[in-house]
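Undergrad: Sequence first, then the predicted structure:
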Amino acid sequence: MALHLNLLHEQIAEQRQRQRDPLKLGMMALGAIGAIMLLFYVLKAYQTLAVKSRLSGVQANWSKVEPKVTAAQKRSKELTGIIGTTKVLDTMIESRFYWGPLLQTLSRCVAPNAQLTSIEGTVSEDNKLVTLSIQGIAAGREPRAAAEELRQLLMEQLGQLYGSVKVEFRTLEDLDTIVNVAGSSMAIARYGLDVAFDPVKPEAAKAGASPASPAAPKK
Amino acid sequence: MKQTKITKDQIQKLALSAIGFVILLYVYFSFFLGPLNRSRAAAEKNIADLQGKLASSKSDMTRAVNLEKEATTATSRFAALKALSPEGAPIAWFPPRVKAFFANQQIDKVTTKLEGTAAYRQAEMAEWMKYSWGIDLPQTDFATFGKAVAELENTEPLLIVSKIGIRAGAEDAQFQQITLTANTAIMKR
């Protein structure tokens, strides 16, 4: 076996040492990581640019649509308001109490011997109660009977139009005065009537009729 | 096998390199990648918002078109009711209107006074005011007045007569003194 002498042993060892230099290896690893990070950053930047370009496209679309949408929303709000207000106004109009038919009924009920001297009528705020205060003078052999006849007639006639009708005497007093009616002398009595009723007749309400139907506008 | 010996100088350099690496990582994530990610996330959020708005805008526009069709009757009715409130202060135009109305009904003596105003409770009526008027008819007969009231109720839908007072005339029993309290809904101008 031939003898093999390594005369460059020192130099080779130094070269190997240089190659395995941890600092150099570290710097190389750092460079590699840096390159990867740079590539990753470029990739992310590209993605961001793509997203931003998509955003500008969507923004352009939105800027085209936005005025129309704003106008549509404004109009919707306005229309909703109009519908709501019209509904409230219609309810007010439909639920109001018509005095014309009531006055007509009153004029039909009053006989020549039971004249009215005053009528005070009020409708409650919610249109659910009408009250009348009637004063008058009845004449006849039995003036009280004439007044009672008027009360009953009112009860009957108003009952045909309205609900929960109450007609009650507040006062009924004989007067000493004698009057001449159609050539005959008659005693007179002063009466006061309190009338109260619901403008909506229950049957009409049950049938789903309009609240104004019992007191429909007089023609 | 030979052991690699690391000198003190090399250790210092390695330590410095490690610190530099940490600083590099911090700078990279804080000043480069972080803002980039935030910017992308913000852009994506904006896109999602805008796409949501675009999607809802279609339904909004469809709703507005449908509402326009549905509200045709209400719109025309509202316009008609609105037209009952002319421009100007109601005290300036309402009493002459009442006077003209009763004059057409053969009732010449009419006095109309404003008794008060109030806002409506309903939110929908924010643009409307309730005016309360006192109307005096010192000389009329019951039948004429009855017809006039019926006509008034038919022609003035926004007028509600809340009180009526009828008294026999002191001088002439044929005539009555009548007072009315009427409420009207008038649009604010």
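TA: Here it is on my side, so go on.

Undergrad: report the longest helix in chain B, please.
TA: Looking across chain B with DSSP state H, the single longest helix is helix B:34-70.

Undergrad: Any buried residues in the following helix or strand past that one, and which?
TA: Once helix B:34-70 ends, the next helix or strand along the chain (criterion: DSSP states H and E) is helix B:72-82. When neighbours are counted by 16 or more other CB atoms under 10 Å in any protein chain shown, the buried residues of helix B:72-82 are found to be B:74-75, B:77-78, B:81. Quick note: C-beta positions are derived from backbone N, CA and C, even for glycine.

Undergrad: Got the domain ranges for chain B?
TA: B:1-83, B:90-187 (automatic domain parsing).

Undergrad: so the one residue in chain B that gets nearest to chain A is in which element?
TA: Chain A sits closest to residue B:150 of chain B, with a gap of 2.9 Å, by CB to the nearest CB. Following DSSP H and E, one finds residue B:150 within helix B:142-155.

Undergrad: Can you classify residue B:183 by secondary structure?
TA: Counting by DSSP: H, G, I helix; E, B strand; the rest coil, the backbone at residue B:183 sits in strand.

Undergrad: from what I can see it touches residue B:156, true?
TA: No - between residue B:183 and residue B:156 there is no contact under CB atoms under 8 Å: 11.0 Å.

Undergrad: Can you report how many residues neighbour residue B:26?
TA: 10 (other CB atoms under 10 Å in any protein chain shown).

Undergrad: Check what pLDDT it gets.
TA: Residue B:26 is assigned a pLDDT of 92 by the prediction.

Undergrad: which helix of chain A spans the most residues?
TA: Max-length helix for chain A by DSSP H is helix A:22-95.

Undergrad: how about the next helix or strand after that helix: buried residues?
TA: Using DSSP H and E, the helix or strand that follows helix A:22-95 in sequence is helix A:99-109. For helix A:99-109, a neighbour-count test (16+ other CB under 10 Å) marks A:99-106, A:109 as buried.

Undergrad: Packing partners of helix A:99-109?
TA: Judged by 3 or more CB pairs under 8 Å, 6 or more residues apart in numbering or on different chains; DSSP states H and E, the packing partners of helix A:99-109 are strand A:114-123, helix A:143-161, helix B:142-155.

Undergrad: cutoff 10 Å now
TA: If contacts are counted by 3 or more CB pairs under 10 Å, 6 or more residues apart in numbering or on different chains; DSSP states H and E, helix A:99-109 sits against strand A:114-123, strand A:130-140, helix A:143-161, strand A:184-198, helix B:142-155, strand B:159-168.

Undergrad: quick one: which of these is nearest residue A:76?
TA: strand B:159-168 (31.3 Å; CB to CB).

Undergrad: Of the buried residues of helix B:72-82, which ones also sit close to chain A?
TA: B:74-75, B:77-78, B:81 (CB under 10 Å from any CB of the partner chain).

Undergrad: Save those as TSV, and put in pLDDT and distance to residue A:70 too.
TA: Formatted as TSV, these follow (pLDDT from 0 to 100; distance: CB to CB, whole Å):
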residue	pLDDT	distance to residue A:70
B:74	89	23
B:75	90	20
B:77	91	27
B:78	91	23
B:81	91	28
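
Undergrad: Using neighbour counts, pick out the buried residues of the helix or strand of chain B with the lowest mean pLDDT.
TA: When the helices and strands of chain B are compared on mean pLDDT, DSSP states H and E, helix B:8-27 comes out lowest with a mean of 84. Buried residues in helix B:8-27, counting neighbours by 16+ other CB under 10 Å, are found at B:10, B:13-14, B:17.
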